[in-house]
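**Q** below are the sequence and a predicted model; questions follow.
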2 protein chains.
Amino acid sequence: MKKEDVPEIVVSRLPLYVQTLNQLLREGQSVVSSSELGERLKTTPSQIRRDLSYFGDFGKQGTGYEIILLMESLRRILNLNQIWQVVLVGVGHVGEALLNYDGFSRKGFEIIMAFDQSPKVIGKRFGTLAVKSVDELEAELSKRQVDIGAISVPAENAQEVCDRLVNSGVRAILNYAPIALEVPEGVQLATIDPVVKLQKMTYYLK
Amino acid sequence: MKKEDVPEIVVSRLPLYVQTLNQLLREGQSVVSSSELGERLKTTPSQIRRDLSYFGDFGKQGTGYEIILLMESLRRILNLNQIWQVVLVGVGHVGEALLNYDGFSRKGFEIIMAFDQSPKVIGKRFGTLAVKSVDELEAELSKRQVDIGAISVPAENAQEVCDRLVNSGVRAILNYAPIALEVPEGVQLATIDPVVKLQKMTYYLK
């Protein structure tokens, strides 16, 4: 099956499978049934089996999945067996939190450049990384291919920054600005907006 | 139609509709067609019409939607015409970013208490709010009903904090810890995990 033929909603569940398998492993388990996995992931065993069937035949009838094997297969499918380099634009509170978040590097994502437009922030160091002026964005990205860009600038600047990243060869955007960005076909986009998540929950709160 | 009869996936799109309508309004537009709305939201006009039909009849055939009216209706449906109070547990880098994020209060979410376990952080001030010891969580929440809890503690402490919040009457959890939390039926849960979003995108990056 071709990459594009797998429904996007299925792909978006795979990282959660990896997370849960990892958790089970840490809890000392080595085999898991689709019903236990379904329970952990708040879905049905048949959903789990259907999702996984897009990528191969992972379980034996009646014996469940070998956790390590399944997790390693999913990690390979998600291209997680490499370090992904990330360029960050916007070093305000959110950008700082990202630079200080060790979960990124532990999970294979390394912020290798950070840019800001404020003279107060340019030059600031985070470990071995120094924040550069956003004016140098194109020049720096022409020296090194970086696939992933994280945007944590104010909403009004986010589309411009996004365009500049995409024009410099970035193929996936993690957007923290509270705005719907436009990206060309073939460029991945994920938006993180806590307010959108909160506003969904308040629907149920009355 | 009862609240629970609307598919959750439809509810989760409503905040994005509000966001986009708001953006159109700021751009000076007063009426929008379902096709334009669909284009902005990367979905189809029929999907938009189907989603909205759960809540009433908002558009006139051929003339499109009055943006202000539709936005105000959706805001009412999502219970956004009030200030929602939020309790935050965990004032590390992410917690600080949340406390400093003015988009929360501008959109009707106000962090009114923050807790941490570290003596280095307890007592720290953010505007008028001082971080309290997490030991006082139950006592403080017994004085005031708070509906929403934001969790930004390490993964290994997140479930315990979640249980304590729920036992103190919190009915919606915004979880920043990279772990799948368990909540009782009737409690809302949303998880924000950039790594999960990144890992979905890397699937397409090779």
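**A** Cool, got the structure.

**Q** okay, now the sheet partners of the longest strand anywhere in chain A, with direction.
**A** If you go by DSSP state E, chain A has its longest strand at strand A:109-116. Strand A:109-116 has its sheet partners listed here by DSSP bridges as strand A:84-89 (parallel), strand A:132-133 (parallel).

**Q** which one, of the ones you listed, ends up nearest to A:Glu8?
**A** Nearest to A:Glu8, of all those, is strand A:84-89, at 19.3 Å by CB to CB. Yep, even glycine has a C-beta here, placed from its N, CA and C like the rest.

**Q** which parts of the lowest-mean-pLDDT helix or strand in chain A are buried?
**A** Lowest on mean pLDDT, DSSP states H and E among the helices and strands of chain A sits helix A:102-106, with a mean of 89. For helix A:102-106, the neighbour count (16 or more other CB atoms under 10 Å in any protein chain shown) marks A:Phe104 as buried.

**Q** convert that helix to PDB, retaining C-alpha atoms only.
**A** In PDB, the C-alpha atoms belonging to helix A:102-106 read as follows (Å, rounded to 0.1, in the frame of the first residue of the first chain):
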ATOM      1  CA  ASP A 102      13.900  17.600  27.000                       C
ATOM      2  CA  GLY A 103      11.100  15.400  25.800                       C
ATOM      3  CA  PHE A 104      11.800  16.600  22.200                       C
ATOM      4  CA  SER A 105      15.400  15.400  22.100                       C
ATOM      5  CA  ARG A 106      14.600  12.200  24.100                       C
END
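
**Q** packing partners for it?
**A** helix B:194-203 (3 or more CB pairs under 8 Å, 6 or more residues apart in numbering or on different chains; DSSP states H and E).

**Q** swap the cut-off to 6 Å and go again
**A** Judged by 3 or more CB pairs under 6 Å, 6 or more residues apart in numbering or on different chains; DSSP states H and E, helix A:102-106 is in contact with no other helix or strand.

**Q** got a list of contacts for it?
**A** The contact list for helix A:102-106 (CB atoms under 6 Å, 6 or more residues apart in numbering or on different chains) reads B:Pro178.

**Q** the longest helix seen in chain A close to chain B?
**A** When chain A is scanned for its longest helix (criterion: DSSP state H), the result is helix A:8-26. Yes. Using CB under 6 Å from any CB of the partner chain, helix A:8-26 reaches chain B at A:11-12, A:15.

**Q** want to throw these into TSV with pLDDT, distance to B:Arg125 and neighbour count?
**A** Below are those laid out as TSV (pLDDT from 0 to 100; distance: CB to CB, whole Å; neighbours: other CB atoms under 10 Å in any protein chain shown):
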residue	pLDDT	distance to B:Arg125	neighbour count
A:Val11	96	44	20
A:Ser12	95	39	16
A:Pro15	97	37	24
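
**Q** closest one of the residues you listed to chain B?
**A** Of all the residues of helix A:8-26 next to chain B, A:Pro15 has the smallest distance to chain B: 3.8 Å, by CB to the nearest CB.

**Q** OK, contacts around that closest one?
**A** By CB under 6 Å, 6+ apart, the residues touching A:Pro15 are B:196, B:199-200.

**Q** at 7 Å instead, please
**A** A:78, B:196, B:199-200 (CB atoms under 7 Å, 6 or more residues apart in numbering or on different chains).

**Q** can you tell me which of those has the most neighbours?
**A** Counting neighbours by other CB atoms under 10 Å in any protein chain shown, the top entry in the contacts of A:Pro15 is B:Gln199, with 27 neighbours.

**Q** A:Ser35 is in contact with A:Arg49, correct?
**A** No. Assessed by CB atoms under 7 Å, A:Arg49 is found out of contact with A:Ser35, at 10.1 Å.

**Q** how is chain A divided into domains?
**A** Here the domain assignment for chain A is A:3-77, A:84-196, based on automatic domain parsing.

**Q** what about the last one, how long is it end to end?
**A** The distance separating the two terminal residues of domain A:84-196, taken as CA to CA, to the nearest Å, comes to 27 Å.

**Q** low-confidence ranges, chain A, go.
**A** The model of chain A has pLDDT under 70 over residues A:60-61.

**Q** for it, list the residue farthest from the centre, please.
**A** Going by CA atoms, centre = their mean, the residue of chain A most distant from its centre is A:Gly62, 33.4 Å out.

**Q** so that residue, which of the three states?
**A** coil (DSSP: H, G, I helix; E, B strand; the rest coil).

**Q** residue contacts, it?
**A** Listed by CB under 7 Å, 6+ apart, A:Gly62 has no contact partners.

**Q** give me the distance between it and A:Ser33.
**A** 9 Å (CB to CB, to the nearest Å).

**Q** do A:Pro45 as well
**A** A:Pro45 is 7 Å from A:Ser33, by CB to CB.

**Q** picking up where we left off before, quick one, the longest helix of chain A and helix B:194-203 angle?
**A** 120 degrees (axes from the mean of the first three to the mean of the last three CA atoms, to 10 degrees).

**Q** okay, helix A:8-26 in PDB with CA atoms only?
**A** C-alpha atoms of helix A:8-26 as PDB (Å, rounded to 0.1, in the frame of the first residue of the first chain):
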ATOM      1  CA  GLU A   8      -4.700  10.400   7.700                       C
ATOM      2  CA  ILE A   9      -6.800   9.700  10.700                       C
ATOM      3  CA  VAL A  10      -5.100   6.200  11.000                       C
ATOM      4  CA  VAL A  11      -1.600   7.700  10.700                       C
ATOM      5  CA  SER A  12      -2.500  10.200  13.400                       C
ATOM      6  CA  ARG A  13      -3.300   7.400  15.800                       C
ATOM      7  CA  LEU A  14       0.000   5.600  15.300                       C
ATOM      8  CA  PRO A  15       2.100   7.900  17.600                       C
ATOM      9  CA  LEU A  16      -0.500   7.200  20.400                       C
ATOM     10  CA  TYR A  17       0.000   3.500  19.800                       C
ATOM     11  CA  VAL A  18       3.800   3.900  20.100                       C
ATOM     12  CA  GLN A  19       3.300   5.900  23.300                       C
ATOM     13  CA  THR A  20       1.000   3.300  24.900                       C
ATOM     14  CA  LEU A  21       3.200   0.400  23.800                       C
ATOM     15  CA  ASN A  22       6.200   2.100  25.300                       C
ATOM     16  CA  GLN A  23       4.200   2.700  28.600                       C
ATOM     17  CA  LEU A  24       3.200  -1.000  28.700                       C
ATOM     18  CA  LEU A  25       6.800  -2.000  28.200                       C
ATOM     19  CA  ARG A  26       7.900   0.200  31.100                       C
END
